[in-house]
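**Student:** what's the 3D shape of this:
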Amino acid sequence: MRSSLLRGLGFCFRRRGSRLKSQEADNIAETVLGTGNTARVIARGGGTVAKVFYRHIASDFIEYEYAIYKEIAKTPLQVPRLYSFEKEKHALIFERIDGNSLMAKMKSNPLFMPIHMRRMAEWHADIHQCRNLKLPLLNDRLASRISVCSDLNESEKRKILSHLEGLPDNERVLCHGDFHPDNVLLTKKGHVIIDWADAAVGSRLADIARSFLLIKYGGLTSSPVQRMFRRLLAKYYVRCCRRIGLFDMSELQKWILPVAAGRLSESIGEREKEALLKLIHARINE
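**Tutor:** Predicted coordinates:
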């Protein structure tokens with residue numbers, strides 16, 4: 001679900017102007033803004049959008065995501081307003097946010113990319129200032145994903161889980177879980193952070209490690225130029241985060257292995273998977 005750096009409201013999508021089949025969405029027939037592995041986002045009247053989940057998605061899953069967004073709404077962060085859960089339509093109704101993503105802004109003028117990366121690091125730090133939220137524990141979620149990863153053998157899983165157990169688990173700050181330039185929308189009123197389905201509480205360094213890996217490897221192609229550029233951009237982002245948060249690089253590096261392993265359990269492209277497996281095997285054998 002997180003295989004690309006192009007995102008909709010809460011999931012990876014292909015932008016297209018089409019119509020949603022009424023039989024898939026209980027007669028919610030509006031312009032489709034995006035499609036993903038679990039749902040589609042469609043435009044509705046009154047300045048709202050509906051995230052319409054496919055019929056095979058259990059209601060419990062939708063209620064779980066609904067609860068997460070309700071909890072995020074308690075923070076001072078700029079996020080899409082969640083209006084309701086329409087059970088009969090299998091849909092969550094959100095405020096419609098009109099604006100371009102930070103990624104689109106960066107692509108339109110690459111010369112300003114360093115400035116945008118610094119701003120993104122500042123907004124990431126704002127997220128980590130939020131505490132006392134009733135959300136899943138990040139370490140538990142990582143352990144669960146590592147345990148079900150089919151690309152790792154049982155011995156590798158045990159080593160990674162053992163490594164994870166040795167990491168600090170006393171910092172319970174808000175972690176976005178999927179923070180990258182396409183999950184920040186720039187509007188006339190300021191920035192809005194979207195896609196909170198993976199939000200949890202835990203170590204900010206784990207959350208930064210996740211962003212580092214997404215910027216470096218997410219949706220990776222075969223282009224050597226792109227690989228080099230993404231590597232430099234990821235390093236620069238971490239540098240920006242360190243200037244704000246003043247953490248030791250060696251502490252951040254400890255989170256790379258379990259976060260990369262957790263990423264493997266998601267629907268990602270083959271090139272990203274190959275890069276992550278190479279990274280994981282190198283660290284396991286250190």
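
**Student:** what separates the closest residue to residue 87 other than its chain neighbours from residue 91, distance-wise?
**Tutor:** Counting by Cβ to Cβ, 6 or more residues apart in numbering, the nearest residue to residue 87 once its immediate chain neighbours are dropped is residue 59, at 6.7 Å. No exception for glycine: its C-beta is placed from N, CA and C like everyone else's. Per Cβ to Cβ, to the nearest Å, residue 59 is found 11 Å from residue 91.

**Student:** Looking at the two, which one has more neighbours?
**Tutor:** Taking other Cβ atoms under 10 Å, residue 59 and residue 91 do not tie; residue 91 has more neighbours (24 against 12).

**Student:** related to what we said a few turns ago, now do the residue nearest to residue 87 against residue 171, distance only.
**Tutor:** Per Cβ to Cβ, residue 59 is found 33 Å from residue 171.

**Student:** Next, the contact list for residue 190, please.
**Tutor:** By Cβ atoms under 8 Å, 6 or more residues apart in numbering, residue 190 lies in contact with residue 78.

**Student:** then stretch 40-60 to PDB, C-alphas only?
**Tutor:** These are the backbone C-alpha positions of stretch 40-60, laid out as PDB (Å, rounded to 0.1, in the frame of the first residue of the first chain):
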ATOM      1  CA  ARG A  40     -10.900   4.700  -3.500                       C
ATOM      2  CA  VAL A  41     -11.100   8.400  -2.800                       C
ATOM      3  CA  ILE A  42     -13.900  10.200  -4.600                       C
ATOM      4  CA  ALA A  43     -15.000  13.800  -4.700                       C
ATOM      5  CA  ARG A  44     -18.400  14.700  -3.200                       C
ATOM      6  CA  GLY A  45     -20.400  17.900  -2.800                       C
ATOM      7  CA  GLY A  46     -20.100  20.300   0.100                       C
ATOM      8  CA  GLY A  47     -16.300  20.400   0.100                       C
ATOM      9  CA  THR A  48     -15.900  16.700   1.100                       C
ATOM     10  CA  VAL A  49     -14.300  13.500  -0.200                       C
ATOM     11  CA  ALA A  50     -15.200   9.900   0.600                       C
ATOM     12  CA  LYS A  51     -12.700   7.200   1.200                       C
ATOM     13  CA  VAL A  52     -14.800   4.300   0.000                       C
ATOM     14  CA  PHE A  53     -13.400   0.900   1.100                       C
ATOM     15  CA  TYR A  54     -13.700  -2.200  -1.100                       C
ATOM     16  CA  ARG A  55     -16.300  -4.700   0.000                       C
ATOM     17  CA  HIS A  56     -13.700  -7.300   1.000                       C
ATOM     18  CA  ILE A  57     -12.300  -4.900   3.600                       C
ATOM     19  CA  ALA A  58     -13.800  -5.700   7.000                       C
ATOM     20  CA  SER A  59     -15.800  -3.100   8.900                       C
ATOM     21  CA  ASP A  60     -13.400  -3.600  11.900                       C
END
